[in-house]
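> quick one, what's the 3D model for this:
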Amino acid sequence: MLPRHEVRTVASLPASAEELDALINAAVERRVGAALGDLERAVADLRSAMTTTTANTPDDRATIVAFSGDMDRLFATFAIASGAAAMGMEVSIYFTFWGLTALRVKTTFAGKSISQKMAAMVLPSGPASLPTSRMNMAGMGPAFFKMLMKQRRVQSVPEMLAMCRDLGIKIIACEMSMGVMGITREELIPDIDYGGVATYLGDASRSKITLFI
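Numbers count the residues shown, from 1 in each chain. From the prediction side, this is the model:
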């Protein structure tokens, strides 16, 4: 007689080749099914990750804060903005405080308080009368640099601003700063946008490039 454990082993064997094939096929299907399930879960995770990454990818845009009222810094602002626009990026420039002087076309005093009138008197009247951040030389510096720019056929700040507008760059004036400095809409160039901090943050949060100049 066979030992008891050998009897159990023999009894558990398939009775025919067909049963053996069926057992093998069942085992293969279980393994293949498990592998396919793992693969489907991995693909689903990958798709989810790609969707999340796409949702968090900033737009092809640049947002610039023009805080300075200096000719050279505004020149850099407009040069970067126009370059980004030429590359196909959507660009917005948010003018605040001293940067607002680059948008002025005239100075008015009617309806302003004493402090606002004083500010209007000392602020530059427009982009053509801006000081330089260095070598201003009591007002001679801007004339010196304008001469150098003209000799080298470099566009002036007013020309750069006009080019930015032609390129479709969004020009936004900060209304809060306008109120503090007593600058009215009538004093600024026409056909521009107005906004506040929320406007800037909305643009900046979706931008690949954000600059404060």
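
> going forward, measure contacts and count neighbours with C-alpha atoms only.
Will do.

> helix, strand or coil: sort out residue 211 for me.
Classification of residue 211 using DSSP: H, G, I helix; E, B strand; the rest coil returns strand.

> which residue ranges of the protein form strands?
Assigned strands in the chain, in chain order: 59-66, 90-95, 170-174, 193-195, 207-212 (criterion: DSSP state E).

> comparing these, which comes out most buried?
strand 90-95 (a mean of 24; mean count of other C-alpha atoms under 10 Å).

> same for that one, what does it pack against?
Packing contacts for strand 90-95, counted by 3 or more C-alpha pairs under 8 Å, 6 or more residues apart in numbering; DSSP states H and E, involve strand 59-66, helix 71-86, strand 170-174.

> give me the domain ranges for the protein.
The chain breaks down into these structural domains: 4-56, 59-212 (assignment by automatic domain parsing).

> coming back round to it: out of the helices and strands packed on strand 90-95, which is closest to residue 204?
Nearest of these to residue 204, taken as C-alpha to C-alpha: strand 59-66 at 5.6 Å.

> related to what we said a few turns ago, reformat the domains of the chain as TSV; add mean pLDDT.
Converted to TSV, the domains of the chain look like this (pLDDT from 0 to 100):
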stretch	mean pLDDT
domain 4-56	66
domain 59-212	92
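
> okay, those, which one's buried deepest?
domain 59-212 (a mean of 17).

> rebuild the helices and strands packed on strand 90-95 as CSV, extending it with distance to residue 24.
Rendered in CSV, the data for these read as follows (distance: least, C-alpha to C-alpha, whole Å):
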stretch, distance to residue 24
strand 59-66, 55
helix 71-86, 64
strand 170-174, 70
